[in-house]
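Chemist: I would like to see how this sequence folds:
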Amino acid sequence: QVQLVESGGGLVQAGGSLRLSCAASGRSFGHYAVAWFRQAPGKEREQVAGVNLYGDTTYYADSVKGRFTLTRDNAKNTAYLHMNSLKPEDTATYYCAAGRYYYTTPDRIDYWGQGTQVTVSS
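Modeler: Below is the predicted model:
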């Protein structure tokens, strides 16, 4: 079992930065790929980034490529989503997720965090 807790969301102006953290409990965090999804009101949940077990292979959605960076520290059971050059369209609830694949879909996720709100003002 893995429990995921996100933190670091908030309100930021366009062009600003935030770092989201995903803290995992359970000894098996290193056995799972980690993904970040986001969901805006009225829209489907979409994956924005993913990292494999070892942290050496990543995926980024085109909409965030070059602006977001996902890293993980298995020794600390934590993953980080660094978000730079934020845009109003990045406004959403962001969810940390763990599963078998780093490039994935919501139905293949094994564990979800509760979500953290990111709001980018123009």
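Chemist: now the strands for this protein?
Modeler: 3-7, 10-13, 18-25, 33-39, 46-51, 58-60, 68-73, 78-83, 92-99, 109-112, 116-121 (DSSP state E).
Chemist: what would those strands look like in a markdown table with mean neighbour count and mean pLDDT?
Modeler: (Glycine included, C-beta is placed from N, CA and C.) A markdown table is the format used below for those (neighbours: other C-beta atoms under 10 Å; pLDDT from 0 to 100):
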| stretch | mean neighbour count | mean pLDDT |
| --- | --- | --- |
| strand 3-7 | 17 | 97 |
| strand 10-13 | 13 | 98 |
| strand 18-25 | 19 | 97 |
| strand 33-39 | 25 | 98 |
| strand 46-51 | 22 | 98 |
| strand 58-60 | 18 | 98 |
| strand 68-73 | 18 | 97 |
| strand 78-83 | 22 | 98 |
| strand 92-99 | 23 | 98 |
| strand 109-112 | 18 | 96 |
| strand 116-121 | 17 | 98 |
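Chemist: beta partners for the residue positioned nearest the centre of the chain?
Modeler: The centre of the chain sits closest to Trp36, judged by C-alpha atoms, centre = their mean, with a distance of 2.6 Å. For Trp36, the beta-bridge assignment (DSSP bridges) gives partners Ala49, Cys96.
Chemist: separation between Asp56 and Asn74?
Modeler: Distance from Asp56 to Asn74, counting by C-beta to C-beta, to the nearest Å: 12 Å.
Chemist: higher neighbour count, those two?
Modeler: Taking neighbours as other C-beta atoms under 10 Å, Asp56 and Asn74 compare with Asn74 leading, 15 against 8.
Chemist: show the contacting residues for that one.
Modeler: The neighbours of Asn74, taking C-beta atoms under 8 Å, 6 or more residues apart in numbering as the test, are 29-30, 55.
Chemist: between those residues, which is nearest Val48?
Modeler: Each of these was checked against Val48 using C-beta to C-beta; the closest is Gly55, at 17.0 Å.
Chemist: give the contact list for the closest residue to that closest one other than its chain neighbours.
Modeler: Closest residue to Gly55 apart from its sequence neighbours, by C-beta to C-beta, 6 or more residues apart in numbering: Arg72 at 4.7 Å. By C-beta under 8 Å, 6+ apart, Arg72 lies in contact with 34, 51, 55, 78-80.
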